[in-house]
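Asker: Here's my sequence, what's the structure:
(one chain, ligands or ions: 1)
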Amino acid sequence: GQRLLGKTAVITAAGAGIGRACVEAYVAEGATVWAADINEQALEQLQSAVPAVKVKVLDVMKGDDIRAFADEVGAIDILFNCAGFVHNGSILDCDEQDWDFSSNLNVKSCYQMIRAFLPSMIANGGGSIINMASIASSLKAVPNRFAYSTTKAAVIGLSKSVACDFVKQGIRCNAVCPGTVDTPSLQARLNAFDDPVQARRDFENRQPMGRLARAEEIASLLVYLGSDESTYTTGAAHVIDGGWCN
Ligand code: NAD
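Answerer: Numbers count the residues shown, from 1 in each chain. Predicted structure coming up:
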C-alpha cells in the first residue's frame with residue numbers, strides 16, 4: 001500500500017524491536033523515514049535491509065544532539081518517540097540513579113524531541129506525534145515495574161497535554177500502549193531469569209491469547225496513527241495488548 005505516501009517520519013529507537021518494525025512498515029507504505037538510534041551497528045544493518053531509509057546515530061538523552069538533528073531534518077509529518085527502558089523492580093529496588101535514568105530516557109526524551117520538532121510541524125500545517133507508553137502505566141499495575149510504569153504513565157499525560165494545546169494547529173498527539181511484545185530486548189530480559197524458557201511460558205500464559213505480540217502487529221497501529229486514516233484521534237492512549245487489560 002501507499003498509505004503514507006508523501007509523508008516524512010522520524011522514528012527513535014529504530015534499530016531494533018518495535019521501532020525497526022515501524023521503519024519497515026512506514027517505508028513499505030511510501031513514507032520517507034529517518035531512523036534514529038544510539039546503536040550505529042544496528043542502523044548499518046537496518047540500512048542494508050531497507051536501503052531507502054535515512055539513518056541517524058542519536059542518543060535521545062542528548063538535547064543538543066536532538067536539536068541539531070531537528071535542524072538537519074526540517075519539517076516532518078510524523079514523529080514517533082519509541083525509545084524507552086524497562087527498569088526491573090519495586091520502589092525499593094529503584095535508587096536515585098535508576099529513577100533519573102528511566103525519567104530521562106522514557107519521558108524527558110519525548111519532551112526534548114517534541115520541543116525540537118513541533119515548531120516546524122506547526123509551520124508545516126500539522127502532523128502526527130506518537131509516543132511510546134505501555135500497558136504498564138496508569139492503565140495497569142504490573143509487578144516490579146515501578147520506574148517503568150511511573151514514567152510510562154507520564155508519557156500518557158505528556159501526550160494528552162500536547163494534544164490539547166496544539167489541536168487547533170493541526171497537531172495530533174497520541175500514546176501507544178502495547179502489552180508484552182516479542183522483541184530482542186524482551187528476550188534479553190527473559191534471559192536474565194534462572195529459567196528463560198519457563199519465563200517465556202509464564203509471560204505467554206498471562207496473555208489471554210496465549211502468546212506475545214509480534215512487533216509487526218504494533219507497527220500496524222503506528223501506520224494507522226501516522227496516516228490520514230486516523231485524523232480524528234488525538235490525546236488518546238491506544239491500547240494494543242491482546243486483551244490483557246480486558
Ligand atoms: P528496545 O527497548 O530493545 O529498544 C530498541 C532500540 O532502542 C535499540 O536499537 C536501542 O539501541 C535503542 N536505544 C536505546 N537507548 C537509546 C537512546 N538513548 N537513544 C536512542 N536509541 C536508543 O525495543 P522494544 O522492546 O521494541 O521497545 C521499544 C519501546 O517500546 C520502548 O519504549 C519500550 O518501553 C516500549 N514497549 C515495549 C514493550 C515490549 O514488550 N517489548 C511493551 C510495551 C512498550
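Asker: ok, the nearest residue to Glu216 once chain neighbours are set aside - contacts?
Answerer: Closest residue to Glu216 apart from its sequence neighbours, by Cβ to Cβ, 6 or more residues apart in numbering: Ala21 at 5.2 Å. C-beta coordinates here come from the backbone N, C-alpha and C atoms, glycine included. Residues near Ala21 by Cβ atoms under 8 Å, 6 or more residues apart in numbering: Arg214, Ala215, Glu216, Ile218, Ala219.
Asker: Who wins on neighbours among those residues?
Answerer: Neighbour counts for those peak at Ile218, which has 24 neighbours (criterion: other Cβ atoms under 10 Å).
Asker: So it sits against Val176, correct?
Answerer: Yes - contact criterion Cβ atoms under 8 Å: Ile218 and Val176 qualify, at 7.0 Å.
Asker: Neighbouring strands - and their directions - for the lengthiest strand in the chain?
Answerer: For the chain, the strand reaching the highest residue count under DSSP state E is reported as strand 171-178. The strands that strand 171-178 pairs with in its sheet are strand 127-132 (parallel), strand 237-240 (parallel) (by DSSP bridges).
Asker: quick one: the helix or strand following that strand to chain centroid distance?
Answerer: Where DSSP states H and E defines the elements, the next helix or strand beyond strand 171-178 is strand 181-182. The chain centroid and the centroid of strand 181-182 are separated by 13 Å under Cα atoms, centre = their mean, to the nearest Å.
Asker: which residue ranges form the strands in this protein?
Answerer: When secondary structure is read from DSSP E, the chain shows strands at 8-12, 32-37, 54-57, 78-81, 127-132, 171-178, 181-182, 213-214, 237-240.
Asker: of all the residues in this protein, which ones are close to the ligand?
Answerer: Where proximity means Cβ under 6 Å from any ligand atom, the interface of the chain facing the ligand comprises 12-13, 15-19, 37-39, 42, 58-61, 82-84, 86, 105, 132, 134, 178, 180-181, 183-186.
Asker: which ones among those are found in helices?
Answerer: Secondary structure assignment by DSSP state H places Gly17, Ile18, Gly19, Ala42, Pro184, Ser185, Leu186 of the residues of the chain next to the ligand in helices.
Asker: hmm, which two among those are most spread apart?
Answerer: Between any two of these, the greatest separation by Cβ to Cβ is 15.9 Å, found for Ala42 and Leu186.
Asker: Which residue is the nearest non-sequential neighbour of Ala83?
Answerer: Once flanking residues are discounted, Ala83 sits nearest to Ala13: 3.9 Å by Cβ to Cβ, 6+ apart.
Asker: Now do the one you found against Ala21, distance only.
Answerer: Distance of Ala13 to Ala21, given as Cβ to Cβ, to the nearest Å: 11 Å.
Asker: same thing with Trp34?
Answerer: According to Cβ to Cβ, Trp34 stands 16 Å off from Ala21.
Asker: winner for burial among the strands of the chain?
Answerer: Burial of these is given as mean neighbour count (mean count of other Cβ atoms under 10 Å); strand 78-81 ranks first at a mean of 28.
Asker: mean confidence for that strand?
Answerer: When pLDDT is averaged over strand 78-81, the result is 99.
Asker: What helices and strands are in contact with that strand?
Answerer: The criterion is 3 or more Cβ pairs under 8 Å, 6 or more residues apart in numbering; DSSP states H and E, and the helices and strands that strand 78-81 contacts are strand 8-12, helix 17-28, helix 109-123, strand 127-132, helix 215-226.
Asker: For the longest one, what does the pLDDT average out to?
Answerer: Along helix 109-123, the predicted local confidence has a mean pLDDT of 98.
Asker: Counting neighbours, which bits of that helix end up buried?
Answerer: By neighbour count with 16 or more other Cβ atoms under 10 Å, helix 109-123 contains the buried residues Ser109, Cys110, Tyr111, Gln112, Met113, Ile114, Ala116, Phe117, Leu118, Met121.
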